[in-house]
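Chemist: Fold the following.
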Amino acid sequence: MNKRLLLLCLALGVILLQGCAGKKAGSSLNQDVSAEQEYEESYDAAENGGYPDSLEGFNRGVFSFNDGFITYVFSPIDTVYTGFFPPDIRAGFGNFYRNLGYPVRLINALLQFKFDKMAKETASFALNTVFGVGGLFHITHNMPSLQSSPEDFSQTLAFYGLDSGTYLVLPILGPTTLRDAVGSVADSFVHPFSLVTPDSAKYALIGHDKANTASANLPAYKSIKEESFDHYTSMKDVYFQYRIGLEKE
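Modeler: The predicted model follows:
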């Protein structure tokens with residue numbers, strides 16, 4: 001049972017990672033000129049279009065497999081999921097899971113000496129937990145003074161000068177970089193999900209978190225696919241622009 005739940009979690013993760021990149025496309029593309037210039041200066045990889053992708057052949061093959069999974073497996077499931085849970089309920093799920101990730105954001109803000117973000121994250125977490133029914137309602141959403149971009153361990157590594165490493169598309173898990181992959185593993189140890197027992201319950205929660213976020217981002221992913229001349233390159237560009245934007249904030 002645990003293995004099946006883990007497989008489901010991994011399968012749903014690809015939508016989160018690729019869909020999350022699509023979700024950020026609008027805001028990132030508004031700054032694409034400056035972001036791309038800064039990226040090229042940072043990584044000095046003009047031969048790869050400004051983005052390190054030494055495993056492009058492998059990555060494209062895996063990307064095609066993942067895209068097929070999104071199209072033929074997750075999309076039908078998503079149709080049932082969105083039909084069963086109305087938008088407000090799905091938004092509540094997302095608010096809860098984001099609120100639950102507070103320790104990850106707090107610790108990485110501390111490691112980067114971003115004390116202003118620590119204060120914002122703590123105040124937002126307290127208010128959303130107490131007055132937002134455990135975080136189901138994001139009551140600080142319209143409070144600009146408490147808004148901050150999320151911090152993770154990959155951003156912490158970047159803060160201390162570690163480059164991203166090559167772009168990498170993982171089967172099922174989706175796009176990442178060597179540094180981002182290491183950061184995700186490190187963050188998982190401090191996330192409250194790591195304390196959930198038994199494992200079947202933990203994987204069920206993780207799987208639902210990924211699926212719910214993926215469901216919200218799926219329309220944007222499909223839109224980018226329809227409008228792209230080269231879907232692989234477009235998603236890679238959006239992914240890097242999003243990650244670079246986080247590192248700058």
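
Chemist: pretty sure residue 182 is touching residue 157, no?
Modeler: Yes - judged on Cβ atoms under 8 Å, residue 182 makes contact with residue 157 at a distance of 7.2 Å. C-betas here are computed from N, CA, C, even on glycine.

Chemist: show me the contacts for residue 97.
Modeler: 209, 212-213 (Cβ atoms under 8 Å, 6 or more residues apart in numbering).

Chemist: Closest one to residue 90 out of the residues you listed, please.
Modeler: Distance to residue 90 across the contacts of residue 97 (Cβ to Cβ) is lowest for residue 212, with 5.9 Å.

Chemist: And the pLDDT at the closest one?
Modeler: pLDDT for residue 212: 95.

Chemist: can you pull the buried residues of the helix or strand where it lies?
Modeler: Using DSSP states H and E, residue 212 falls within helix 199-227. Judged by neighbour count using 16 or more other Cβ atoms under 10 Å, the buried positions of helix 199-227 are 202-218, 220-221, 224-225.

Chemist: packing partners for that helix?
Modeler: Applying 3 or more Cβ pairs under 8 Å, 6 or more residues apart in numbering; DSSP states H and E, we find helix 199-227 packed against helix 2-23, helix 75-84, helix 87-100, helix 231-248.

Chemist: if we can go back for a sec, ok, so of the contacts of residue 97, who is nearest residue 89?
Modeler: residue 212 (9.6 Å).

Chemist: what's the nearest residue to the closest one if we skip its chain neighbours?
Modeler: residue 93 (4.7 Å; Cβ to Cβ, 6 or more residues apart in numbering).

Chemist: OK, contacts around the one you found?
Modeler: With contact set as Cβ under 8 Å, 6+ apart, residue 93 has these partners: 85, 208-209, 212.

Chemist: What is the nearest of the residues you listed to residue 71?
Modeler: residue 212 (19.4 Å).

Chemist: what's that closest one in contact with, if anything?
Modeler: 90, 93-94, 97.

Chemist: what's the spacing between it and residue 118?
Modeler: 27 Å (Cβ to Cβ, to the nearest Å).

Chemist: Residue 241 too?
Modeler: From residue 241 to residue 118 the distance is 26 Å (Cβ to Cβ).
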